[in-house]
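Student: sequence? don't have it. structure:
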């Protein structure tokens, strides 16, 4: 017997990263802007997405959504009411989405006819942070009911995101939400992160969000 | 908790390399984890034992090297390790910086294996038998020494 050390130097999530890279190339070739929505359970991802999809449709924009869920297809049924293509990804207990699941669920869609693809991740502020889904923009939602210190408790997901959405702003006063503190905490773990305040209920902030999407999509198309 | 699926990936990567090298057993697996890689060390160590069971890695040691989050500071033009991932501040001058240079790593660096090994005097014999058609390795070396 001989004992030897073999160098490997390989990313543990190498497989997922490679699939994500291929997916990103494919989506870019179609001129799609892909958004990965992450948050804790109950922070309002589905309602926010529903409003977003509805608004995009009203403006004649072509959007579609994939929705991750551990067990149910409640969210997909809700989102389908916005009148856009929606598919449920059942993760069968997995706490996050992986690039392969996204790739598998795009089959049969005419990607070239789409402008925006939204991926609603499983509600979880830990696990999804490690998995690249081939997205262009990772958006983290934080609702006012969760408290201002969430970014400090989950720095990894906030640091790996590109945009933060402070959601349920219509409840801010009732929750005595300290907007300044929340923004400071976001900046502490991700300096320079763009932060928007929205209410999916009242529509507050939705215009800014839609303008951001339009701008990112324009950049995407120009880089094609 | 995604550490179990991370642990299975570690076992898969390590087993593949071990098999390719013809190892009988893996004694240790060396990982490096950045402070912002999103993996809880304790949960991974716990999951590792489960994932390794019944493989070449059963009973092996998981050696984890933790890498601090390192930023580049444009104000003082130096790199430095964050004191806390809750505060992206340059450790030298205190300026705010989000320019992360290290911290997301999640790699298998190396494995320590037991090879059947050369008995003294018998090394460098011609290998008469090929690995039993391991389709997975895709490394078809028909003729190891191709003379031109």
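Tutor: Yes, it's here. Treat the numbers as computed from the prediction; the structure is a model and nothing was measured.
Student: residue contacts, residue 40?
Tutor: The chain I'm using is chain A. Taking C-beta atoms under 8 Å, 6 or more residues apart in numbering or on different chains as the criterion, residue A:40 is in contact with A:123-125, A:146, A:150. In this view, the C-beta of every residue, glycine as well, is placed from N, C-alpha and C.
Student: Correction: the question concerned chain B.
Tutor: In this structure, residue B:40 makes contact with A:126, B:1, B:3, judged by C-beta under 8 Å, 6+ apart.
Student: possible to save the residues you listed as CSV with pLDDT?
Tutor: Output for these, formatted as CSV (pLDDT from 0 to 100):
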residue, pLDDT
A:126, 92
B:1, 72
B:3, 93
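Student: Neighbour-wise, which one of the residues you listed leads?
Tutor: Using other C-beta atoms under 10 Å in any protein chain shown as the neighbour test, those are led by residue B:3, with 23 neighbours.
Student: any low-confidence regions in chain B?
Tutor: By pLDDT under 70, the weakly predicted segments of chain B are B:117-148.
Student: what about the longest helix in it?
Tutor: helix B:3-20 (DSSP state H).
Student: what helix or strand does the spatially most central residue of chain B sit in?
Tutor: Centroid-nearest residue in chain B: residue B:108, 0.7 Å away (criterion: C-alpha atoms, centre = their mean). Element membership for residue B:108, per DSSP states H and E: strand B:106-115.
Student: so what does that strand touch, helix or strand wise?
Tutor: strand A:2-11, helix B:3-20, strand B:25-34 (3 or more C-beta pairs under 8 Å, 6 or more residues apart in numbering or on different chains; DSSP states H and E).
Student: Give me the buried stretch members for the second one, please.
Tutor: By neighbour count, and taking 16 or more other C-beta atoms under 10 Å in any protein chain shown as the criterion, the buried residues in helix B:3-20 are B:3-15, B:17-19.
Student: Also stretch A:38-45?
Tutor: Using 16+ other C-beta under 10 Å as the test for burial, stretch A:38-45 gives A:38-40, A:43-45.
Student: Just to be sure, residue A:53 is in a helix?
Tutor: Yes: counting by DSSP: H, G, I helix; E, B strand; the rest coil, residue A:53 is part of a helix.
Student: hang on, it packs against residue A:81?
Tutor: No: Residue A:53 is beyond contact range of residue A:81, at 9.2 Å (criterion: C-beta atoms under 8 Å).
Student: coming back round to it: show me the two of the buried residues of stretch A:38-45 that sit farthest apart.
Tutor: A:38 and A:44 (12.5 Å; C-beta to C-beta).
Student: Overlap in contacts, the two.
Tutor: Common neighbours of residue A:38 and residue A:44, using C-beta under 8 Å, 6+ apart, are residue A:141.
Student: Longest helix of chain A, counting residues only.
Tutor: For chain A, the helix with the greatest residue count under DSSP H is helix A:206-223.
Student: Now tell me what touches that helix from outside.
Tutor: A:28, A:31-33, A:35, A:51-52, A:55-56, A:59, A:115-116, A:136-137, A:163, A:165, A:194, A:196, A:198, A:200.
Student: and chain B, which of those contact it?
Tutor: The subset of the contacts of helix A:206-223 within reach of chain B, by C-beta under 8 Å from any C-beta of the partner chain, is empty.
Student: Buried by neighbour count, from the residues you listed: which ones?
Tutor: Buried residues within the contacts of helix A:206-223, counting neighbours by 16+ other C-beta under 10 Å: A:28, A:31-33, A:35, A:51-52, A:55-56, A:115-116, A:136-137, A:163, A:165, A:196, A:198, A:200.
Student: sorry, back to before: check the buried residues of helix B:3-20 one by one and keep those near chain A.
Tutor: Okay, of the buried residues of helix B:3-20 touching chain A (C-beta under 8 Å from any C-beta), that's B:5-6, B:9-10, B:13-14, B:17-18.
Student: Which strand residues bridge the residue of chain A found nearest chain B?
Tutor: Closest contact between chain A and chain B, by C-beta to the nearest C-beta, is at residue A:2 (3.1 Å). The partner list for residue A:2 in beta bridges (DSSP bridges) reads residue B:115.
Student: which strands and helices sit next to the longest helix of chain B?
Tutor: Using 3+ C-beta pairs under 8 Å, 6+ apart, helix B:3-20 sits against strand A:2-11, strand B:25-34, helix B:41-52, strand B:106-115.
Student: hmm, 10 Å instead?
Tutor: Under the contact criterion of 3 or more C-beta pairs under 10 Å, 6 or more residues apart in numbering or on different chains; DSSP states H and E, helix B:3-20 touches strand A:2-11, helix A:14-29, strand B:25-34, helix B:41-52, strand B:61-67, strand B:106-115.
Student: Redo the ones you listed as JSON lines? Include distance to residue A:93.
Tutor: As requested, the helices and strands packed on helix B:3-20 are exported to JSON lines (distance: least, C-beta to C-beta, whole Å):
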{"stretch": "strand A:2-11", "distance to residue A:93": "24"}
{"stretch": "helix A:14-29", "distance to residue A:93": "18"}
{"stretch": "strand B:25-34", "distance to residue A:93": "24"}
{"stretch": "helix B:41-52", "distance to residue A:93": "15"}
{"stretch": "strand B:61-67", "distance to residue A:93": "24"}
{"stretch": "strand B:106-115", "distance to residue A:93": "22"}
